[in-house]
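**Q** pasting the sequence and the predicted model now:
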Amino acid sequence: MNSQILHEKLELIQWLSTLEDTSIIKKLIQFRKEETKDWWDSISDEEKNSIEKGISEADKNDIKPHSEARKLYEKWL
């Protein structure tokens, strides 16, 4: 781990351990909750359905080779 980041993390820990302002503590807790939200909850139903369909197809071994996928998506790669 980068020593500068480690140093900054330690400074944050020290600052947090002395913090008495409950509004800041509540904001930090809220920030932490938002940062740890499951990405699944933030995607559309269409995206979820597409992912679930892909998983289902893979479970049934109904998959295409990588070379075929590259041909299909070549213009975006």
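**A** Thanks, I have the structure now.

**Q** check the most centrally placed residue in the chain and give its pLDDT.
**A** Against the mean C-alpha coordinate of the chain, by CA atoms, centre = their mean, the closest residue is Trp39 at 5.4 Å. The score at Trp39 is 86. That number is its pLDDT.

**Q** ok, it to Ser23 distance?
**A** Distance of Trp39 to Ser23, given as CB to CB, to the nearest Å: 29 Å. Bear in mind the C-beta positions are built from the backbone N, C-alpha and C, glycine included.

**Q** repeat for Tyr73
**A** Distance from Tyr73 to Ser23, by CB to CB: 48 Å.

**Q** ok, now Gln14?
**A** Applying CB to CB to Gln14 and Ser23 gives a distance of 20 Å.

**Q** the two: who's more crowded?
**A** Gln14 (10 against 7; other CB atoms under 10 Å).

**Q** which residues in this structure form helices?
**A** Per DSSP state H, the chain carries helices over the ranges 3-18, 22-35, 45-59, 66-73.

**Q** how about these in JSON lines, adding mean pLDDT?
**A** Shown next, in JSON lines, are those (pLDDT from 0 to 100):
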{"stretch": "helix 3-18", "mean pLDDT": "95"}
{"stretch": "helix 22-35", "mean pLDDT": "91"}
{"stretch": "helix 45-59", "mean pLDDT": "95"}
{"stretch": "helix 66-73", "mean pLDDT": "89"}
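
**Q** many thanks, we can stop here.
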